[in-house]
Structures are given as C-alpha cells and as structure tokens.
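>>> okay, sequence plus prediction incoming.
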Amino acid sequence: MNTFLRLKHWQLFLLGFILPVICQPFALAALTKFHNAALGMGLFLLMMLLCLIPLFSWFYALGTNLYPKLPEMANMKLKKFKIFWLIPVLYIGTIMIFIGTKFVLGIEALNIPGAVVLIVVLLHLFSMFCIFYCLYFVAKSLKAVELERPVSFSDYAGEFFLIWFFPIGVWFIQPRINSIFSDRAPEAY
C-alpha cells in the first residue's frame, strides 16, 4: 500500500483513470458490435475494478499513513476510518459479484422482492456516506499534517474537493503526499 504514497501524480492518474478509460471502448464494442452481453459486462466490471482498486487503495494508504503523523491535538479515529473504508469496498465487491454472476449464468429476469431492493438502496446510500467520510478523513489528515495543528473544514475544503474529483485533484494532491513521505524537506503550500 505504501507504493501509492510514492507514485508520481501522472502514474496515479494513468493507473486510476486512463487505464479504465482505455477499457471502455472494448466493453462498448463487445456490447454493440459483437452483441455479446457477457463479454461486454465482463469488460465493464474489469473497467470498474481498474478504476476502484487504485482509488480505494490510495484512500487506505493515505488514511493509515497520515494518521501517525497527525498532531496530538487532532481528534481523529483510525479504526472508524478503516471500518468506513471497508464497508463500500465490501458493498461494491458484492454488487459486482452479483452482476457478474447474473451475466455469466445468463439469468435474464430476477424476481427481487421490494424489501431486498429497499435494503440495497439503503446500503448504497450508507456506502456513499462512508466514501464521503473517507474523503473527509484523508483531506483533514493531509491538511492537519501539513499545518501541524488541528484544522476546521474551511482549512481543508479545497483538499476535500480535490480528492473527491480524483482525476483532477490527483495532480495537486499527490505531489504534496510525495513531499510528506519523502526524505527531503517538505515544501511550503
């Protein structure tokens, strides 16, 4: 996981954004040109994995490695971050397995009870909340480590939105991460 702390911004961008975008035309071609739904869905799931694995790995690496560098006055809980990180990972993994199984087995219509749909919707909303908590934790940790003091939302709002919009934000956030975890002196921001 520490590899994500040392990657250059362009490497992380290639890994987490360009690679999935390259897979997208192949998934669309399989769906439209070859009329192969199973192949198209498999490529779509591969594209999702190529996008989500680097992103969630980056979140985890940042959250767990910035935490020990936090100033003592910062009131943040690493265990809560890890739990809130794990929930969307398990939820997305389960949904991807379910969708993949549906296409591999060729199940055309599933009769899903309304209660199950409600549970999935609630889990989805909670998973989204957990992702936003991870964004908050990483952004606040980054700014607190840089400023060496507890921070308020106005201090780390920019980092929060840069991390949220990963393909753009990685160009600004990752060089700062590199300087925090390198052996050279940190740069001023």
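Now that the structure is in, tell me what you want to look at.
>>> any low-confidence regions in the protein?
1, 23-24, 26-41, 100, 102-112, 183-189 (pLDDT under 70).
>>> have a look at it and report its longest helix.
helix 114-147 (DSSP state H).
>>> okay, buried residues for that helix please.
123, 127, 130-131, 133-146 (16 or more other CB atoms under 10 Å). To be clear about C-beta, it is placed using only N, CA and C from the backbone, and glycine gets the same treatment.
>>> quick check: which helices or strands does that helix pack against?
In terms of contacts (3 or more CB pairs under 8 Å, 6 or more residues apart in numbering; DSSP states H and E), helix 114-147 is packed against helix 37-66, helix 78-105, helix 153-164, helix 166-180.
>>> in the third one, what counts as buried?
Within helix 153-164, the residues that count as buried by 16+ other CB under 10 Å are Asp155, Tyr156, Glu159, Phe160, Leu162, Ile163.
>>> dump the residues you listed into CSV; add distance to Phe17 as well.
Output for these, formatted as CSV (distance: CB to CB, whole Å):
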residue, distance to Phe17
Asp155, 27
Tyr156, 23
Glu159, 19
Phe160, 19
Leu162, 14
Ile163, 14
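>>> just give me the closest of those to Ile92.
Ile163 (17.9 Å; CB to CB).
>>> related to what we said a few turns ago, report the inter-axis angle for the longest helix of the chain versus helix 37-66.
Counting by axes from the mean of the first three to the mean of the last three CA atoms, to 10 degrees, helix 114-147 lies at 40 degrees to helix 37-66.
>>> report the distance from helix 114-147 to the chain centre.
Relative to the centre of its chain, helix 114-147 is centred 10 Å away, using CA atoms, centre = their mean, to the nearest Å.
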